[in-house]
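Peer 1: sequence first, then the predicted structure:
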Amino acid sequence: MINSRQPKTLAPTETLDRHIRQTGITTGPTKLALIQRALRLRGTPPFRSQEQLDDPTVFLKIFDPCGGFTWLITEWDGKNCAFGMGISYMEEFGYIDLPELSEAAGPLGIGMEIDVWFLPQPLSQAIKQLRPSP
């Protein structure tokens, strides 16, 4: 569900759960709109704004709830392309085609999910949360 009455950006300590409702939305244009809204609410900065940083801030986490794929988004062009780290069996920085990601159904057909409980944090911390030490 998309709520047209939303703040421009959220405080870094506020979760997305009150602003992003994904129930029943699997793939397609509505999922893309939710991803874009989440990026906007987080105040995700433009491309190249963090390229000189050793530990850029991750503003949004998107994941496959049925698999091992996660995207940690650090920058956004304001439309259909983001930049960040994709994590599966390996970690790789690159550009993320948001319309393509929003159409990915995943193994059970339920689509990718926005982690509404994720808070902006340094990339190193986000990776540590995904791959905790034994």
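Peer 2: Here it is on my side, so go on.

Peer 1: just the CA trace of the longest helix anywhere in the chain, in CSV.
Peer 2: Assignment by DSSP state H gives helix 29-42 as the longest helix of the chain. Taking C-alpha atoms only, helix 29-42 is exported to CSV below (Å, rounded to 0.1, in the frame of the first residue of the first chain):
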residue,chain,number,x,y,z
PRO,A,29,5.3,-1.7,-10.7
THR,A,30,3.8,-1.6,-7.2
LYS,A,31,6.8,-3.3,-5.8
LEU,A,32,9.1,-0.9,-7.7
ALA,A,33,7.1,2.1,-6.3
LEU,A,34,7.6,0.7,-2.8
ILE,A,35,11.4,0.3,-3.3
GLN,A,36,11.6,3.9,-4.6
ARG,A,37,9.5,5.2,-1.8
ALA,A,38,11.8,3.4,0.8
LEU,A,39,14.9,4.9,-0.9
ARG,A,40,13.3,8.4,-0.8
LEU,A,41,12.2,8.0,2.8
ARG,A,42,15.7,7.1,3.8
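
Peer 1: give the other helices and strands that the helix or strand following that helix contacts.
Peer 2: Later in the chain than helix 29-42, the nearest helix or strand by DSSP states H and E is strand 57-58. Secondary structure elements in contact with strand 57-58, counted by 3 or more C-beta pairs under 8 Å, 6 or more residues apart in numbering; DSSP states H and E, are strand 70-76, strand 121-122, helix 123-130. For the C-beta atoms, the positions are set from N, CA and C on the backbone; glycine is no exception.

Peer 1: what is the lowest-mean-pLDDT helix or strand in the chain packed up against?
Peer 2: In the chain, no helix or strand scores lower on mean pLDDT, DSSP states H and E than helix 123-130, which sits at a mean of 93. Applying 3+ C-beta pairs under 8 Å, 6+ apart, one finds that helix 123-130 contacts strand 57-58, strand 70-76, strand 81-87.
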